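Novice: Structure for the following, please:
(3 chains)
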Amino acid sequence: MYARPASENLQLDANGRLRHFLTIEGLGRQTLVDILNAAESFAGVSARTVKKVPVLRGKVICNLFFETSTRTRTTFELAAKRLSADVVNFNIGTSATSKGETLLDTLRNLEAMHVDLFVVRHADSGAAHFIAQHVSPGVGVVNAGDGRHAHPTQAMLDMFTIRRHKGDFAPLRIAIVGDILHSRVARSQIHALNTLGVSELRVIGPRTLIPTAARTLGVHVFHDLEEGIRGVDVIIMLRLQRERMQGALLPSEHEYFQLWGLTPKRLAAARPDVIVMHPGPINRGVEMDSAVADGPHSVILEQVSYGIAVRMAVMSMCLQAPSLEEQPA
Amino acid sequence: MYARPASENLQLDANGRLRHFLTIEGLGRQTLVDILNAAESFAGVSARTVKKVPVLRGKVICNLFFETSTRTRTTFELAAKRLSADVVNFNIGTSATSKGETLLDTLRNLEAMHVDLFVVRHADSGAAHFIAQHVSPGVGVVNAGDGRHAHPTQAMLDMFTIRRHKGDFAPLRIAIVGDILHSRVARSQIHALNTLGVSELRVIGPRTLIPTAARTLGVHVFHDLEEGIRGVDVIIMLRLQRERMQGALLPSEHEYFQLWGLTPKRLAAARPDVIVMHPGPINRGVEMDSAVADGPHSVILEQVSYGIAVRMAVMSMCLQAPSLEEQPA
Amino acid sequence: MYARPASENLQLDANGRLRHFLTIEGLGRQTLVDILNAAESFAGVSARTVKKVPVLRGKVICNLFFETSTRTRTTFELAAKRLSADVVNFNIGTSATSKGETLLDTLRNLEAMHVDLFVVRHADSGAAHFIAQHVSPGVGVVNAGDGRHAHPTQAMLDMFTIRRHKGDFAPLRIAIVGDILHSRVARSQIHALNTLGVSELRVIGPRTLIPTAARTLGVHVFHDLEEGIRGVDVIIMLRLQRERMQGALLPSEHEYFQLWGLTPKRLAAARPDVIVMHPGPINRGVEMDSAVADGPHSVILEQVSYGIAVRMAVMSMCLQAPSLEEQPA
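Specialist: Numbering: from 1, shown residues only, chains lettered A, B, ... in the order given. Here you go, the predicted structure:
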């Protein structure tokens, strides 16, 4: 019952339309641009007096979180409510799986309750794919972060933020700074930026935290922050997972900041109109100085705002909802 | 203030209409058929583009759960939202009762917040009745499982599933398998099947798990699985509470499955068009083989789906809402 | 980025309209009367068939609770839903602050998600003010209790209850009984009653629990219950925090009840039409006898009901929503 034929591309239907949103890998440039354009139309909704559209009225969206993330769950919940969907939060820690039910039984049961779309967060890489392989036709799956693998809605809100500020991707030089090795965010960003075709993509970090295969991904590797950000249009700082500090991979937070922390002084090496991004939450004084986080180059809070619009776009596309323009008033 | 005259039948008003839904006992055949018919009309809502009806718009439904059950709570929450009601989840473990407030004070306070209907889950038999005895006129109570006593919405979704597959109840032979003694589900099912008038009702299980009074309930008792299911139209498997294993009542899971587990081979003793039901979550390899759970006779996931429609029916009837047919479009 | 000029009165805009509702202190009589009048119009909504108004449709209200209070959160949640707002519950214990994010970063992030109004509950006095000082223009903050400082919506629902029963405030003699020293509720009530101009305001309690500065607040202090309630129109009992019992401030619960517990016999000292109030949850047999709590003078459950209407009023005023009368049908 559970085995279904693997599709060439699980994420797209026969007409190339989005069914699930699991990873940036394997999606073409046009699909990413479609998402950005849909997000653009939804971004305007937030400026309305009534910040709601009936796009997903009567649809049921289930936040299926195997890993707690109040913040990410809240952005999906708000995006879903803004689309007029009904939302149920299903925290797997407290659910039937603790009664010995398998994940697939839990999934089948939620499906039988007429859930239309699952937003999945899981500590294991591949969890969202596994679920997408097993849901019924017509049910969508959005990956809200799986292990070290992918966090595609985060990557797309980053792309949206860059496009809002810089317009065209083609001429841009972009640097990603920090723990590339363990970051699902970085992995998704690199795929998105390559697909959208930037001029130059750099990754900057300590040797222990840059995957050895990085160069095969078409990126330039730097081990010196100021050298790496010289002349770039966009700097994307990654969040440092403090638990890495305990291992041998990283020195202390203080030492990390000395080498890799972004300060106003260092920022001067980038282009004068550089924008600074971070997926949040920031470790102030570790990844960057507060003067940068709250300074004129920071677009960190815009990223959060755009995250709502991008998630509205992805969820409505996976459910093949009519676009905002086609909706009755 | 708390004492009110006990009514002859707490569940019905003077005109015989449903006020609370606490137990199948004491309800007549017509009331059960009314519930099934209302559920039938709501089942169609799930096939609509917009899976929502305005039947309970502006009503407040409170999930008052003294016992955690994410799954049952979710089905009630989805049913309520599909009726356009507002839902508040009130988990008693974290509420004012921990500040020393009595249950009745908590109830009075929620009532004062204009809650229209309470969905009550409690580890003690009789809890939902107690609450129904003390709510104000016009406020409804639905029992979502109380101790070993009753789980009437589960029983009605089982009846709905049987009617969908078999049509008329009169000619049916039905077997309930497992721990009858401790099961509120079985108790409610037996009352419902007797009231709806099936041809023959059998219970099957180890001597330690069949109540001695079973025969007075109008059922035939079997202690051999294959003998018990011979020629039946419907097999209802009960969930085995693993904690029973620790006591003297039951052998190991492995031994249980050897004696009472449903396998494709054993299933051949039943009628060729037999349907297999289970309230979930299944213990695979204990109550039944996966080949049965996921096989062609299983209607287990349909039960879950129909659970939404049945709960919509019961909640709207308790609130004397106009039926779906009487609603404006 | 976080520093903003302190306004003369953080709660009011240049036109004297409510922007935040943090404390009764500093608000004029007319503002309090406006709140009561708005609550009066919302109180009627609960009597309608559809108990919902579209006043805040599309607005996002975030319950930002740093201190658990299921009951208070539920009243705000129900009030918000009755205004057709979308509600997100953000429990800070489980949120990003546990990942090392500062409170202000959390706040900025929620703001960036387009939250329109924060309902803040915090164990520290001044927390809601701090948040109101740092939110963006147009975002409202309602204090749902901060430390020992204020609980202004509780005070206003008390005022509403008094006005409903007694009409004019001017001739009233009102007594507040209990632990005045530690009570944010009492502090807010005293400010409200002084601003609305009652004839006489008394506080009654043990010497250890009456602040020495009480007389400067314009109240008469009594250390004998029967003497203190003689001839009063309204008695407001405070909730006794049981943890005070452990310290040296209070005798045992039994002794407390002997001296300060309200009984029908003692109540006879007040006016025959006295009303008895309590913010809940009641400690029966400590602050008062059940015969009083459930007796004819008690208006305790009405307070809870009016709490919904008062919170609807405050939230819609802070968001400058059109009043109920101006809404389209």
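
Novice: Hmm, A:Val276 and A:His297 touching each other?
Specialist: Yes. Using C-beta atoms under 8 Å, A:His297 is in contact with A:Val276, at 4.8 Å. (C-beta placed from N, C-alpha, C; glycine too.)

Novice: just the helices in the stretch 101-250 of chain A please.
Specialist: A:103-112, A:127-134, A:152-166, A:184-196, A:225-229, A:243-246 (DSSP state H, counting those that start in this stretch).

Novice: Run the angle between the longest one and helix A:184-196 for me.
Specialist: Between helix A:152-166 and helix A:184-196, the angle comes out at 50 degrees (axes from the mean of the first three to the mean of the last three C-alpha atoms, to 10 degrees).

Novice: does any bit of helix A:152-166 sit next to chain C?
Specialist: No. Figure legend: helix A:152-166 not in contact with chain C (C-beta under 8 Å from any C-beta of the partner chain); closest approach 11.2 Å.

Novice: Relative to C:Met159, how far out is the residue positioned nearest the centre of chain A?
Specialist: Nearest to the mean C-alpha position of chain A, by C-alpha atoms, centre = their mean, lies A:Gln154 at 1.7 Å. Computed with C-beta to C-beta, to the nearest Å, the distance linking A:Gln154 and C:Met159 is 48 Å.

Novice: Check A:Asp289 too.
Specialist: 49 Å.

Novice: who has more neighbours, these two?
Specialist: Set side by side, A:Asp289 and C:Met159 show more neighbours around C:Met159, with 25 against 19, by other C-beta atoms under 10 Å in any protein chain shown.

Novice: From what I see, that one and C:Arg29 are in contact.
Specialist: No. The criterion here is C-beta under 8 Å, and C:Met159 misses it with C:Arg29 at 11.2 Å.

Novice: residues shared between the contacts of those two?
Specialist: C:Leu196 (C-beta atoms under 8 Å, 6 or more residues apart in numbering or on different chains).

Novice: Checking A:Lys265 next. Helix, strand or coil?
Specialist: Here A:Lys265 is recorded as helix under DSSP: H, G, I helix; E, B strand; the rest coil.

Novice: tally of neighbours for it?
Specialist: Neighbourhood size, A:Lys265 [other C-beta under 10 Å]: 11.

Novice: For it, give its distance to chain B.
Specialist: 49 Å (C-beta to the nearest C-beta, to the nearest Å).

Novice: per-residue pLDDT, that residue?
Specialist: You'll see A:Lys265 listed with a pLDDT of 97.

Novice: quick one: it and A:Ile176, what's the gap?
Specialist: Going from A:Lys265 to A:Ile176 by C-beta to C-beta gives 21 Å.

Novice: One more: A:Asn37?
Specialist: According to C-beta to C-beta, A:Asn37 stands 24 Å off from A:Ile176.

Novice: When those two are compared, which one has more neighbours?
Specialist: Remark: of A:Asn37 and A:Ile176, A:Ile176 carries more neighbours, 25 against 13, as counted by other C-beta under 10 Å.

Novice: wait, A:Val55 sits on A:Ser316?
Specialist: Yes. Contact criterion C-beta under 8 Å: A:Val55 and A:Ser316 qualify, at 5.1 Å.

Novice: Now name the helix or strand holding the residue nearest to A:Val115 when sequence neighbours are not counted.
Specialist: In this structure, A:Val115 finds its nearest non-sequential neighbour in A:Cys62, 4.4 Å apart by C-beta to C-beta, 6 or more residues apart in numbering or on different chains. For A:Cys62, the element it lies in under DSSP states H and E is strand A:60-65.

Novice: That concludes my questions; thank you for your assistance.
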